[in-house]
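>>> Okay, here's the prediction I keep looking at, along with the sequence it came from:
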Amino acid sequence: MEVEEAFKVVGEMGIYQVYLCFLLAFALTLYIASEAVLIALVGLKPQFQWDLTGQMNVTLGNDQAFRHWLDEASRTEVQMHLHFNSNYTSIVSEWYLLGDSEYKVSLASSVYFGGVLIGAVTFGQLSDQYGRRKLYLIGLTLDIVFGVLSGLAPSFQLFILARFLVGIMNGGVTLVSFVLLNEFVGRAYWALTGTLGSVFFAVGIVLYAVLGFLITSWRQLALVVNLIAGLVLLLSLFIPESPRWLYSQGHLVEAERVLSLIGRRNGRRLAKKGVTLSPLEKRGRGERAGPLDLFRHPTLLPRTLVMMQAWCVTICLSIHKDLIGTSLIPSPIALSDTISLHFLYIYPFMVHHFQKDEILERLI
């Protein structure tokens, strides 16, 4: 039998796949979301006031003398005259990212998402070659390491470097975990598992906002976020390789072993020898697909362009509303994503229900 037939035997969405949904679509996404909008709170601009007593010819506002003094003053001088009126700390209060240095907060966010782009592109190709599980575990481990380093960074330069590396790992882990989860379930449930991440991403942002409200130190907040990832990593050590990837690479024995494992954990009664797969037909080198084929195939091209446009608009709007919270208190960030949850909880089940409707499928 082929892989799809085997899933009907071992269970397309059994108790074990539900557990994997919890691990890869819920718990992991909580961490991914927190890292994605981390700068919204660690880059918070606390209220502050200047005490310029004793500074002759220097006044606040747009006064040229004040700006000149601020540019020329040492960090020690600025610390003497600048007072933050908040219990919350951030990289702004830590490294005095004010005035001409305010752009560095946005720069840290841009650098992170630049890393996400690199990670998504590179990890996808590497996981096709070396396996989903291996790339996922390596990426998540390094994600935690660089995340901890960003919370311990002694300077802004090291902080922004760590955020770039976190972005690479975050982008890669997000992609590989998405593929890994979908390759553990039957085709009939792809629409459901493919949309769960969007639901729990919003939950992760709400949770992060709550943590930001409870934890006043930006360094502690950056470290606590990684505790979730540490737990996910420990549990992920026990998940097997994707049976679909093993099958596509010709590793029939390993694929049969994983499928039999899924069946047993789903409580299915299998034959003594487990699942038996038929060999996959070998393909020539010329048939190997790549990212550029999305733009070469006449059917895939319009769909690819539509999906790119949809994702671009959606991500820009959804991430933007969370990142503008850098000048707000945590509550508006939680509020905006709490509102979106009311629809997101319904959305996966709508997609799963309507995916079999031929008319809607043709429209999509």
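That came in fine, so what should we check first? Since the model is a prediction, treat every value here as computed from it, not as a measurement. Numbers count the residues shown, from 1 in each chain.

>>> where exactly do the helices run in the stretch 151-300 of the chain?
When assigned using DSSP state H, counting those that start in this stretch, the helices of the stretch 151-300 of the chain occupy the ranges 156-182, 190-214, 218-236, 243-248, 252-265, 293-296, 300-323.

>>> now the longest one: how far from the chain's centre is it?
Remark: helix 156-182 is offset 7 Å from the chain centroid, using CA atoms, centre = their mean, to the nearest Å.

>>> Looking at that helix now, give me its mean pLDDT.
Per-residue pLDDT values over helix 156-182 give a mean of 96.

>>> got the buried residues for stretch 92-107?
Taking 16 or more other CB atoms under 10 Å as the basis for neighbour counts, the residues of stretch 92-107 that come out buried are 92-97, 104-105, 107. For the C-beta atoms, the positions are set from N, CA and C on the backbone; glycine is no exception.

>>> Return the member of those nearest to E183.
Comparing those against E183 with CB to CB places L107 closest, at 37.0 Å.

>>> Go ahead and confirm the closest one touches L161.
No: taking CB atoms under 8 Å as the definition, L107 is not a contact partner of L161, at 12.0 Å.

>>> Next, the contact list for the nearest residue to I215 once chain neighbours are set aside, please.
Counting by CB to CB, 6 or more residues apart in numbering, the nearest residue to I215 once its immediate chain neighbours are dropped is L221, at 4.6 Å. If you count contacts by CB atoms under 8 Å, 6 or more residues apart in numbering, L221 has them with 41-42, 151, 211-212, 215.

>>> about what we covered before: could you dump the buried residues of stretch 92-107 to JSON lines with pLDDT and secondary structure?
Formatted as JSON lines, the entries for the buried residues of stretch 92-107 read as follows, by pLDDT from 0 to 100; DSSP: H, G, I helix; E, B strand; the rest coil:
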{"residue": "V92", "pLDDT": "87", "secondary structure": "helix"}
{"residue": "S93", "pLDDT": "85", "secondary structure": "helix"}
{"residue": "E94", "pLDDT": "86", "secondary structure": "helix"}
{"residue": "W95", "pLDDT": "89", "secondary structure": "helix"}
{"residue": "Y96", "pLDDT": "80", "secondary structure": "coil"}
{"residue": "L97", "pLDDT": "85", "secondary structure": "coil"}
{"residue": "K104", "pLDDT": "92", "secondary structure": "helix"}
{"residue": "V105", "pLDDT": "91", "secondary structure": "helix"}
{"residue": "L107", "pLDDT": "93", "secondary structure": "helix"}
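
>>> of all those residues, which comes closest to L196?
Looking at the buried residues of stretch 92-107 and their distance to L196, the nearest is V105, at 31.7 Å (CB to CB).

>>> isn't that closest one right next to L98, touching?
No: if you go by CB under 8 Å, V105 and L98 don't touch, sitting 10.0 Å apart.

>>> where do the contact lists of the two overlap?
Taking CB under 8 Å, 6+ apart as the contact rule, the neighbours common to V105 and L98 are V92.

>>> Tell me where the model's unsure across the stretch 1-150 of the chain.
For the stretch 1-150 of the chain, the stretches flagged by pLDDT under 70 are 48-81.

>>> in it, which spans are strands?
Using DSSP state E, counting those that start in this stretch, the strands of the stretch 1-150 of the chain run over 48-50, 82-84.

>>> D128 - nearest residue in space that isn't next to it in sequence?
Leaving out its chain neighbours, the residue that sits closest to D128 by CB to CB, 6+ apart is W245, at 8.0 Å.

>>> Report how many residues lie close to the one you found.
If you count neighbours by other CB atoms under 10 Å, W245 ends up with 21.

>>> Let me see the contact set for the closest residue to G230 other than its chain neighbours.
With CB to CB, 6+ apart as the criterion, G230 has its nearest non-adjacent residue at 6.1 Å, and that residue is I144. Remark: with contacts taken as CB under 8 Å, 6+ apart, I144 is in contact with 226, 229-230, 233.

>>> try 10 Å this time
By CB atoms under 10 Å, 6 or more residues apart in numbering, I144 lies in contact with 31, 166, 169, 225-230, 232-233.

>>> Hmm, V105 and I91 touching each other?
Yes: with the criterion set as CB atoms under 10 Å, I91 and V105 qualify as a contacting pair; they are 6.9 Å apart.

>>> any shared contact partners between these two?
Here I91 and V105 have 39, 42-45, 97, 156 as joint contacts, going by CB under 10 Å, 6+ apart.

>>> Of these - the most surrounded one?
Within these, V42 tops the neighbour count with 27 neighbours, counted by other CB under 10 Å.

>>> which ones are touching that residue?
Listed by CB under 10 Å, 6+ apart, the contact partners of V42 are 88-92, 94, 105, 108, 150-151, 159, 163, 212, 217-219, 221-222, 225, 326.

>>> run the last query once more with 8 Å
V42 sits next to 90-91, 218, 221-222 when contact means CB under 8 Å, 6+ apart.

>>> ok, it to F200 distance?
Counting by CB to CB, to the nearest Å, the gap between V42 and F200 amounts to 22 Å.

>>> Tell me, how many residues neighbour R296?
Using other CB under 10 Å, the number of residues around R296 comes to 10.

>>> Excluding chain neighbours, what is closest to A153?
Once its chain neighbours are removed from consideration, A153 has its nearest residue in F159; the separation is 3.8 Å (CB to CB, 6+ apart).
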